[in-house]
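S.K.: Quick one: sequence plus predicted model below, questions after.
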Amino acid sequence: MEQSPAFATSVNKQKIVVIMGSTGAGKSRLSIDLATRYFKNSEIINSDKMQVYTGLDITTNKITMEEQFNVPHHLLSTIDPTKTVLAPSDFRKLASEIISDVKSRHGLPLVVGGSCSLIYSLVTNEFDPNSDVFNGPLPDPVSTELCYDCCFIWVDVCLPVLNQYLSKRVDEMLDAGMFKELVDYFQSGECERVFESGLGQSIGVPEFETYFKKFPDTPADPNRKQISSSEDSDEENVEYNEAIRRIKENTYVLAKKQVSKIAKLKDAGWNVKRIDATEVFRAAVTAECGSEKVAELWEKLVLERSVKIVEEFLAE
Ligand code: ATP
């Protein structure tokens, strides 16, 4: 058993905000809106288990420097994937130290990311690295003893709508250069088996493994951006399209799993406030809706509600 961080007592726990949700649900956008417009002393601590590593920025869909709007971000791109595989217990140690630092600056820690195993390791009072509360035929019971005073916000989007958005997002990631990033990654040899529990697990890497085994040195066009047309039926195109199809499928599977893990924590008694962002995403994937309408729905349905939740939490 790992002891709870020394600073946390049951009487006076530190307040943190935890923004949860599946991949693509808008957690980063919400955290930046909160930090830039309402709670300006916020600092963001990433809790996505792939985004902690340096590399594969597009493939793991990291927030860009521009999108960060100078809000301090921690544990984002900070771990060298060739040296360390970050275990939940390591995350607990690093993130709890950062929370103490943020608090010493009178800041508000916003823990933002979709990896429930990392969030669980950080906030449970006594974390057992050998216990698994999410997986297996006989998962361990979820602990409700938390070492922080947590405001959990869950940005949720109904899965059929989210999947439409995720499919579009993969296309946008290709436009942004994901394939080129993977070409460089595979050609650098960093995806060796030894790292398979770290960055090499990112969706995009295993899905492209067969492709790069068949075409190790000479992908037809490293800068290609989209799915090849159905008339292009040569082997290279077929493998490429198959890899993209798998990326989309596995992203849907990831989103579903992440949602079920959050629901499990809520069902176990964690005070998770669910915010339904479905209508925002429905508008975003519907061609007729302009970006102004999407922004308006976001403000009303997600941001305003979140601000109210955080304000009430801080006033308690
Ligand atoms: P698990 O119990 O599976 O470890 P978790 O809650 O710790 O789940 P998740 O965030 O659900 O962590 O990640 C599970 C898997 O999803 C990762 O191992 C990886 O394959 C993929 N994944 C997670 N985040 C990303 C990301 N940002 N980019 C690409 N793939 C990701």
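M.R.: Looks like it came in fine.
S.K.: Quick check: Val259 touching Ser22?
M.R.: Yes - between Val259 and Ser22 there is a contact under C-beta atoms under 8 Å: 5.1 Å. The way it works is simple: take the backbone N, C-alpha and C, and place the C-beta from them, glycine included.
S.K.: Tell me which of those two has more neighbours.
M.R.: Ser22 (26 against 23; other C-beta atoms under 10 Å).
S.K.: Assign the nearest residue to Ile99 once chain neighbours are set aside to helix, strand or coil.
M.R.: Leaving aside its chain neighbours, Ile99 sits nearest to Pro109 (4.7 Å; criterion: C-beta to C-beta, 6 or more residues apart in numbering). State at Pro109, reduced to three classes by DSSP: H, G, I helix; E, B strand; the rest coil: strand.
S.K.: Overlap in contacts, Val259 and Ser22.
M.R.: Common contacts of Val259 and Ser22 (C-beta atoms under 8 Å, 6 or more residues apart in numbering): Asp156.
S.K.: before we move on, which element is Leu174 in?
M.R.: helix 159-175 (DSSP states H and E).
S.K.: Is the ligand within reach of the next helix or strand after that helix?
M.R.: Proceeding N to C from helix 159-175, the next assigned helix or strand is helix 178-188, under DSSP H and E. No - using C-beta under 6 Å from any ligand atom, helix 178-188 stays clear of the ligand, with a minimum separation of 10.6 Å.
S.K.: next one: stretch 250-263
M.R.: Yes - applying C-beta under 6 Å from any ligand atom, one finds stretch 250-263 in contact with the ligand at 254, 257-258, 261.
S.K.: Stretch 61-79 now?
M.R.: Yes - using C-beta under 6 Å from any ligand atom, stretch 61-79 reaches the ligand at Asn61.
S.K.: Show me what stretch 88-101 is in contact with.
M.R.: 2, 5, 7, 14, 16, 43, 45, 47, 49, 52, 74-75, 84, 109, 111, 117-118, 120-122, 127, 129, 148.
S.K.: Pull out the buried members of those residues.
M.R.: Among the contacts of stretch 88-101, those classed as buried by 16 or more other C-beta atoms under 10 Å are 5, 14, 16, 43, 45, 47, 49, 52, 74-75, 109, 111, 117-118, 120-122, 127, 148.
S.K.: In helices only, show me these.
M.R.: 117-118, 120-122 (DSSP state H).
S.K.: so which of the residues you listed comes closest to the ligand?
M.R.: Ser117 (3.1 Å; C-beta to the nearest ligand atom).
S.K.: do you know how far that closest one is from Ser31?
M.R.: 20 Å (C-beta to C-beta, to the nearest Å).
S.K.: now Leu138
M.R.: From Leu138 to Ser31 the distance is 35 Å (C-beta to C-beta).
S.K.: need the ones in helices among the buried ones among the contacts of stretch 88-101 in TSV with pLDDT and distance to the ligand, can you?
M.R.: TSV is the format used below for those (pLDDT from 0 to 100; distance: C-beta to the nearest ligand atom, whole Å):
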residue	pLDDT	distance to the ligand
Ser117	97	3
Leu118	98	6
Tyr120	98	8
Ser121	98	9
Leu122	98	12
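S.K.: List, one by one, the residues from this protein near the ligand.
M.R.: 48-51, 60-61, 114-117, 134-135, 201-203, 254, 257-258, 261.
S.K.: hang on, the earlier thing: out of Leu138 and Ser31, which sits in the more crowded spot?
M.R.: Ser31 (28 against 5).
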